[in-house]
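Trainee: What shape does this take:
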Amino acid sequence: MAIIRYHTWWPGSGDPYYQFNIPENTTRINYYGVNSVPRLKIDGNITGGSSSYWSSQISDELTVPASLDIRISGEYSNANRTGSLNITVIATDVITYSNLRLRIAITESYLFWHAPNGSDWHHQTFRDMLPNTSGVSFTISNGDTLTFNQDFSLSDQLVKDNCDIVVFVQSDNGRRILQGARRSIVELQRIYDLANFDLIAPANGDTIHTCFPSCEWEASNDPDSGFEVNYLVEMDLSPSFSNPILSDTLSDTVWVSPQCLMNDTTYYWRVKAFNGHAPDIYSNNTFHFRIMEYGAIVGIVTDDSSVALEGVLVELLGNGKTDTTDGLGIYSLGELDEGSYDIAFSFAGYRDTTLTGIIVYSADTTEADMVMSVFGCPYVPGDANGNGAANGLDVVYLVNYFKGGDPPIDVCLCDPYGELYPAADANGSCSVNGLDVTYMVAYFKGTGELLFCESCPPLP
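Mentor: Next up, the predicted model:
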């Protein structure tokens, strides 16, 4: 059973519940032709007599079969006090009434106000009607099922836990209510929204000089439950995040990549927030940054090797090459630390570099002879699963990889072979295939030693 109480402008026009929604209160009072209070309308077209008979009159009406069934479901968001209703009306018998209207009312209970008639506590008090007092016109026949959707918002002045949604079908020919249903707002399936948040650093479009980027973002929160929010950082070479590098589950808003990322490469990153209570959300923005590490120049000599600081000529001592590429990588001019130099050489070939013994050249240098350090990658030969040690588990990991499992962990750019899994290249062939499994098994049985691709030596 559902009850709606409309407050009138008499005996006191200052009634706060009438004043809250004067237009719709007035419309419904005039709809029923109310000219005295208290006045009871049972199922819209039965006028209750003396209040001492109301209980029996209501009980009698409850025995009358209804020709409709009404079901209410929906969602409500505590964060912004809005919701949506899904209302199903089913005709279970012949409908003899016409000019049908679906009306939706919001009521509130447990209101305290000392009224002129002596009442202090007010329940089922009318607050709002959706979409309006006219309702939604429709027709229905026995066996039909109709669905209605209605969005709503709850005024900040109302106490959500004390509010109900009342849905009823009424014929405007005679005011007869064919069926009604009630659902409290707290019973609706809720939408739990996490607070939006932004990325902070690396800033969008930034260039950083380390292969282990540190990411920072704003905190989110769950205003409904207060449950802790966790985060997951996603980083990818593509803005579509089709094959992202993922962090572990984080409770902090700072994460340093444990994986050395590729040099001279652009990465896109975003953060997902979640807590198992509210729907997952992503950061408001997606940022990208570029990694540009600097190589190591370990000495200066005075023989035939040379460098043109403003051009492409790089000749490495002992190699006799006059090109921007060689077995050690690709080199170009770039900055090192702001304010501490004029010109330095930057490395753009491998994932990791050794920043020891850096020699900075002044802007007026036109020729210099140098020895470049040998660059490598941070890995352990034979460590296919990336746990820092080579053992039998790596054999299992590699076998699973060839069966479609996860690839080896460490990836390096190995000129001229391109990207390679150097730790899994146990036989040093600069490729990874089934022969490496055979070689690793033999090694763990005491035959031979683990090798590596000469183009990608492991860093010491």
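Trainee: Which residue ranges make up each domain of the chain?
Mentor: Per automatic domain parsing, the domain ranges recorded for the chain read 16-190, 199-290, 293-375, 377-460.
Trainee: The residue nearest in space to the middle of the chain and residue 116, how far apart?
Mentor: Geometric centre of the chain, nearest residue: residue 281, 1.7 Å, by C-alpha atoms, centre = their mean. Distance of residue 281 to residue 116, given as C-beta to C-beta, to the nearest Å: 50 Å. Every C-beta, even on glycine, is put in place using the N, C-alpha and C of the backbone.
Trainee: which SSE is residue 277 in?
Mentor: For residue 277, there is no helix or strand it lies in under DSSP states H and E.
Trainee: one step back: which one, of the domains of the chain, ends up nearest to residue 7?
Mentor: domain 16-190 (4.0 Å; C-beta to C-beta).
Trainee: what does the average pLDDT come to for that closest one?
Mentor: Domain 16-190 carries an average pLDDT of 93.
Trainee: re earlier: phi, psi for the nearest residue to the residue nearest to the centre of the chain once chain neighbours are set aside please.
Mentor: Distance criterion C-beta to C-beta, 6 or more residues apart in numbering; nearest residue to residue 281, sequence neighbours excluded, is residue 194 at 5.0 Å. When read as degrees, to the nearest 10, the backbone of residue 194 gives phi -80, psi 150.
Trainee: Now do the closest residue to residue 274 other than its chain neighbours against residue 188, distance only.
Mentor: Leaving aside its sequence neighbours, residue 274 sits nearest to residue 280 (C-beta to C-beta, 6+ apart; 4.2 Å). Going from residue 280 to residue 188 by C-beta to C-beta gives 21 Å.
Trainee: the more surrounded of these two?
Mentor: Per other C-beta atoms under 10 Å, whichever of residue 280 and residue 188 has more neighbours is residue 188, with 19 against 12.
Trainee: Tell me who's in contact with the more buried one.
Mentor: 73, 74, 75, 76, 83, 85, 165 (C-beta atoms under 8 Å, 6 or more residues apart in numbering).
Trainee: following the helix or strand containing the fifth one, which helix or strand comes up?
Mentor: According to DSSP H and E, residue 83 maps onto strand 82-91. In the C-terminal direction, the helix or strand that comes right after strand 82-91 (DSSP H and E) is strand 100-108.
Trainee: Just checking: what are the partner strands of the helix or strand just after that following strand?
Mentor: Next helix or strand after strand 100-108 toward the C-terminus (DSSP H and E): strand 111-112. Strand 111-112 sits in its sheet next to strand 121-122 (antiparallel), going by DSSP bridges.
Trainee: Give me the contact list for the partner strand.
Mentor: Strand 121-122 has contacts (C-beta under 8 Å, 6+ apart) with 5, 17, 109, 110, 111, 112, 113, 115.
Trainee: Scan the residues you listed and report the most crowded one.
Mentor: Using other C-beta under 10 Å as the neighbour criterion, residue 17 leads the contacts of strand 121-122 with 19 neighbours.
Trainee: contacting residues for it?
Mentor: 7, 25, 111, 113, 122, 125, 126.
Trainee: Can you give me the neighbour number for residue 46?
Mentor: 17.
Trainee: Please disregard the earlier target; I meant residue 10.
Mentor: By the criterion of other C-beta under 10 Å, residue 10 has 11 neighbours.
Trainee: go on, the one 10 residues further on?
Mentor: Burial of residue 20, expressed as a neighbour count using other C-beta under 10 Å, amounts to 18.
Trainee: Can we start the residue count at 549 from this point?
Mentor: Yep, numbering from 549; the last one is residue 568 now.
Trainee: That one contacts residue 705, correct?
Mentor: Yes. Using C-beta atoms under 8 Å, residue 568 is in contact with residue 705, at 7.5 Å.
Trainee: Tell me who's in contact with residue 718.
Mentor: 592, 648, 649, 651, 683, 724, 725, 726.
Trainee: quick one: which two of those are the most distant?
Mentor: The largest separation in the contacts of residue 718, counting by C-beta to C-beta, is between 683 and 724 at 13.8 Å.
Trainee: higher neighbour count, these two?
Mentor: residue 683 (19 against 16).
Trainee: so what's the more buried one up against?
Mentor: By C-beta under 8 Å, 6+ apart, the neighbours of residue 683 are 649, 650, 651, 652, 677, 718.
Trainee: and the last one, helix, strand or coil?
Mentor: If I follow you right, that is residue 718. What DSSP: H, G, I helix; E, B strand; the rest coil gives for residue 718 is strand.
Trainee: what is it paired to in the beta sheet?
Mentor: Bridge pairing for residue 718 - DSSP bridges - gives residue 649, residue 725.
Trainee: Next one: it relative to residue 591, how far apart?
Mentor: For residue 718 relative to residue 591 (C-beta to C-beta), the value is 9 Å.
Trainee: tell me, what's touching the two both at once?
Mentor: Joint contacts of residue 718 and residue 591 (C-beta under 8 Å, 6+ apart) are 724, 725.
Trainee: Do a quick rundown of the helices in the stretch 749-898 of the chain.
Mentor: For the stretch 749-898 of the chain, no helices turn up when DSSP state H, counting those that start in this stretch is the criterion.
Trainee: how about the strands in the stretch 699-848 of the chain?
Mentor: 711-719, 725-732, 737-739, 747-749, 754-756, 762-765, 778-784, 793-794, 802-804, 813-822, 829-830, 835-839, 845-849 (DSSP state E, counting those that start in this stretch).
Trainee: so which of the ones you listed gets nearest residue 561?
Mentor: Distance to residue 561, taken as C-beta to C-beta, is lowest for strand 711-719 among the strands of the stretch 699-848 of the chain, at 25.0 Å.
Trainee: Please consider this matter closed, and thank you.
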